[in-house]
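1. sequence first, predicted coordinates after that:
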Amino acid sequence: MKMSNYTDLLAIFGIGGAHPGGLELTKTNLLQENLKNKSLLEVGCGTGQTSFFLHSMDVDVTPIDYHPLMVSKANKRFKESKLSLEAQQMNMMELLFADNSFDFVLSESVLAFTKLSKTLPELFRVMKKDSILLAIEMTKKDSLPSDVQGKLTDFYGLPSILRKDEWESVLQQYGFHGINIQTISLSELEPTEPDIDPSILIPDEMFDMMQAHEELTAESSKHLELSIIRATPAKN
């Protein structure tokens with residue numbers, strides 16, 4: 001899995017909860033789930049903000065991320081708070097877990113950056129029967145101009161940007177059912193205070209990239225939605 005420059009940007013600035021709505025949106029959705037005595041895999045845990053919250057709720061959480069700097073910053077967070085929690089560096093396309101290991105999988109703005117034909121089968125494999133996948137992902141509206149879509153895929157290193165119905169279709173293709181997708185307009189989401197842990201040395205080009213990100217966000221936001229995706233693997 002290739003690391004995009006945008007992923008490097010998030011890692012160097014140590015930005016937790018980068019998706020619109022941030023941790024508060026994630027909390028709102030997690031608190032609607034029954035996570036008592038459940039084993040939860042957080043894929044793309046970033047700096048560990050959500051795993052920290054889950055651990056505080058006594059959830060058995062396993063955090064993983066592909067980016068070594070993200071893993072380092074997550075473990076720094078856990079160590080400073082004296083948590084018995086450790087993030088692991090791992091490729092989502094080759095998960096180092098046995099089949100049927102987890103009751104719940106959480107993905108916050110991660111799946112869209114991956115090759116779904118590789119990552120969804122791996123998630124399916126490690127999930128138990130009747131387990132839940134909860135994913136928070138960007139979806140496009142029909143109004144998204146092709147030139148703006150091209151800017152988004154190039155800048156963020158996205159294989160593609162899917163509509164709500166395309167997410168449902170691809171999940172079904174790789175064995176998921178009971179799919180529920182709730183879309184939220186980006187304008188409905190309250191701005192959130194970012195959780196950051198910046199590196200000591202930040203290259204100048206990263207500040208330029210941050211500005212480009214903000215400009216692209218302003219240009220594209222009216223053509224995008226946030227989708228809360230909930231699905232179950234169809235296992236006998």
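-> Yep, that arrived.

2. hey, let's count contacts and neighbours off CA atoms from now on
-> Fine.

3. where does Asp195 land on pLDDT?
-> Looking at Asp195, its pLDDT reads 84.

4. now do Lys2
-> 40.

5. list the contacts of Leu23.
-> Contact partners of Leu23, counting by C-alpha atoms under 8 Å, 6 or more residues apart in numbering, are Gly17, Gln49, Thr50.

6. kindly recompute the last result at 6 Å.
-> Gly17 (C-alpha atoms under 6 Å, 6 or more residues apart in numbering).

7. correct me if wrong, but it is in a helix.
-> Yes. Counting by DSSP: H, G, I helix; E, B strand; the rest coil, Leu23 is part of a helix.

8. what's the spacing between it and Pro203?
-> Distance of Leu23 to Pro203, given as C-alpha to C-alpha, to the nearest Å: 27 Å.

9. check Asp195 too.
-> From Asp195 to Pro203 the distance is 20 Å (C-alpha to C-alpha).

10. so for the biggest strand by length in the chain, mean pLDDT?
-> Criterion DSSP state E: the longest strand present in the chain is strand 127-140. Average pLDDT, strand 127-140: 96.

11. from the chain's centroid, how far away is it?
-> Chain-centre distance of strand 127-140: 10 Å, with C-alpha atoms, centre = their mean, to the nearest Å.

12. what about Gly44, how many residues nearby?
-> 25 (other C-alpha atoms under 10 Å).

13. what residues are up against it?
-> Here Gly44 is in contact with Ile64, Asp65 (C-alpha under 6 Å, 6+ apart).

14. then Leu40?
-> Val61, Phe102, Phe104, Val105.

15. in the lowest-mean-pLDDT helix or strand in the chain, which residues are buried?
-> One helix or strand of the chain scores below all others by mean pLDDT, DSSP states H and E: helix 5-13, with a mean of 89. Neighbour-count burial for helix 5-13, counted by 16 or more other C-alpha atoms under 10 Å, picks out Tyr6, Thr7, Asp8, Leu9, Leu10, Ala11, Ile12, Phe13.

16. next one: stretch 67-80
-> For stretch 67-80, by 16+ other C-alpha under 10 Å, it's His67, Leu69, Met70, Val71, Ser72, Lys73, Ala74, Asn75, Lys76, Arg77, Phe78.
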